[in-house]
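>>> Give me the fold of what follows.
(chains A and B)
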Amino acid sequence: MKISTACSTKGNITDIVKDIQDQLGNSGNKLVVFYASPSYEPEAISKAMQAAFQDATVFGCTTAGEITSGKMLKNSVVAMAFDAEAVKDVKIAVIEDLKDPNGVEKAFATFEKHFGVPMLDMNPSRYVGIVLVDGLSGAEENLIEKIGDQTDVLFVGGSAGDDLKFEGTSVFVEGKSYNNAAVLALLKPGKKFTFVKTQSFSILPEKLLVTKADEENREVLEFNGKPAVVAYAEALGVAPENADSRFMHNPVGLVVNDEPYVRSPQRVNGQSIKFYCSVKEGMELSLLESTDIIEGTKQALNDAKAELGSISGVIAFNCILRTLELIQKQSTDDFGKLFADIPAVGFSTYGEQYIGHINQTATMLVFA
Amino acid sequence: MAGKIKQLIDSIIQQRTKDNPMMAGVIKTKLALKGIDPSKFTAQSDDDPVVIGKLEAFLKEIK
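Below is the predicted model of the structure:
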């Protein structure tokens, strides 16, 4: 039973793919997941990766930085390969237009036909989903909500990045590259698995009730019946004009069973606050305060190891805002070292998915 | 009228958790992310038609 990883920083697609092929081997791979810097032409890297692993199901996306065992990288391609014992079966579906209201239904019909089980009847301890989505689509909330409505199988994933250029992100499926799209992968792993959701924040007592929101545009107009920026600043005890300087350190979270689902403020818009994910009217949010990302992530990985007994592979989706904080604190090496002894692959995302669409979080799929 | 929201939430949780009590937390989280926090509703809660509409749409998905 084998999960293996590879990474390459060679200068061109031909050399990179050859390097990855040499590291992973080109036979016996059932599934290859890869994450590529946007510096490589999306269509070309997708085509070359599928050509290199012709017998495998191959999918991935562009990034805002890559992660592999022991390292956080830039301008690289990282990959993870699973043999047929590690992943017994896998089926991929592409939602080619995220505005298609029936996109999830069509994808799920593909899965039901392949696995012969209705999505609502699939046992969530035997199947697991991965979702990769165009990180500039703004469509993640509806997508993950629809997925969650129609199955108990948990989908974990991330929003593709483009090195903070915000020009275009891509998802890759079986030799092609797509924009305004999502790739859903449904896996039947051959080993036990669990999830990590870690956000390294403490929950403060101050509450902000969303009393007016433009949900579609991810904008909160009022908290507690006051202009959003005023209420947020009051909760922190700072002047409204200084509120945005606290966004990264003090986002807000929907707290369910003592677990925060982080909603990160992006910028002030007049007296409103734009967020990186949708915030709904009526939600009571808690003010959060950042803690140590390294310690929090280390603890989360230790908990996963204790649950599974051992870890043979991790697919990680780490928010770009966490990566920026790690860069600011010169801690990227320390973060990479958390995965030094674990076959790991991942990327810095424009949003994370686990039950819902969340921010400033690392979500991971962890295999025993 | 009151109590319909709590009734619908209980029905969704019962149907979706089946014989797996671990799923109850996941379903409650899904509802909270839709803007419906199950812990905020009791048998005395007013029948808000907007919330009822969201819950009925969710129930329809699992029929």
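>>> Moving along the chain from whichever strand or helix holds A:Cys61, name the first helix or strand you hit.
For A:Cys61, the enclosing helix or strand under DSSP states H and E is strand A:57-62. Moving toward the C-terminus from strand A:57-62, the first helix or strand encountered (DSSP H and E) is strand A:66-68.
>>> how long is stretch A:142-157 end to end?
With C-alpha to C-alpha, to the nearest Å as the measure, the ends of stretch A:142-157 fall 14 Å from one another.
>>> what residue ranges in chain B score low on pLDDT?
B:19, B:63 (pLDDT under 70).
>>> just the helices in the chain please.
The chain I'm using is chain A. All helices of chain A, identified by DSSP state H, fall at A:13-24, A:42-52, A:103-115, A:140-150, A:228-236, A:293-308, A:320-328, A:332-337.
>>> Chain B, not that one
Remark: helices assigned in chain B by DSSP H are B:4-17, B:23-33, B:49-61.
>>> what's the strand holding A:Cys61 packed up against?
strand A:31-36, helix A:42-52, strand A:87-95, strand A:128-133, strand A:171-173, strand A:182-189 (3 or more C-beta pairs under 8 Å, 6 or more residues apart in numbering or on different chains; DSSP states H and E). Bear in mind the C-beta positions are built from the backbone N, C-alpha and C, glycine included.
>>> quick one on the thing from earlier: would you tell me which of the helices of chain A gets closest to A:His357?
Distances from A:His357 to each of these were compared by C-beta to C-beta, and the smallest falls on helix A:140-150, at 4.0 Å.
>>> Any part of stretch A:92-109 near chain B?
No - under the criterion of C-beta under 8 Å from any C-beta of the partner chain, chain B is not reached by stretch A:92-109; the shortest gap measures 10.0 Å.
>>> For that stretch, which outside residues touch it?
Outside of stretch A:92-109, the residues that reach it under the criterion C-beta atoms under 8 Å, 6 or more residues apart in numbering or on different chains are A:57, A:59, A:110-111, A:119, A:133-134, A:137, A:139, A:143, A:146-147, A:150-151, A:171, A:173-174, A:178, A:180-186.
>>> circling back to that earlier point, same list, the helices of chain A, but as JSON lines with distance to B:Ser11, mean pLDDT and mean neighbour count please.
Supplementary listing: the helices of chain A in JSON lines, determined by distance: least, C-beta to C-beta, whole Å; pLDDT from 0 to 100; neighbours: other C-beta atoms under 10 Å in any protein chain shown:
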{"stretch": "helix A:13-24", "distance to B:Ser11": "48", "mean pLDDT": "97", "mean neighbour count": "18"}
{"stretch": "helix A:42-52", "distance to B:Ser11": "44", "mean pLDDT": "97", "mean neighbour count": "20"}
{"stretch": "helix A:103-115", "distance to B:Ser11": "23", "mean pLDDT": "98", "mean neighbour count": "18"}
{"stretch": "helix A:140-150", "distance to B:Ser11": "15", "mean pLDDT": "94", "mean neighbour count": "22"}
{"stretch": "helix A:228-236", "distance to B:Ser11": "35", "mean pLDDT": "97", "mean neighbour count": "22"}
{"stretch": "helix A:293-308", "distance to B:Ser11": "31", "mean pLDDT": "97", "mean neighbour count": "17"}
{"stretch": "helix A:320-328", "distance to B:Ser11": "38", "mean pLDDT": "96", "mean neighbour count": "19"}
{"stretch": "helix A:332-337", "distance to B:Ser11": "44", "mean pLDDT": "96", "mean neighbour count": "17"}
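>>> Noted, bye for now.
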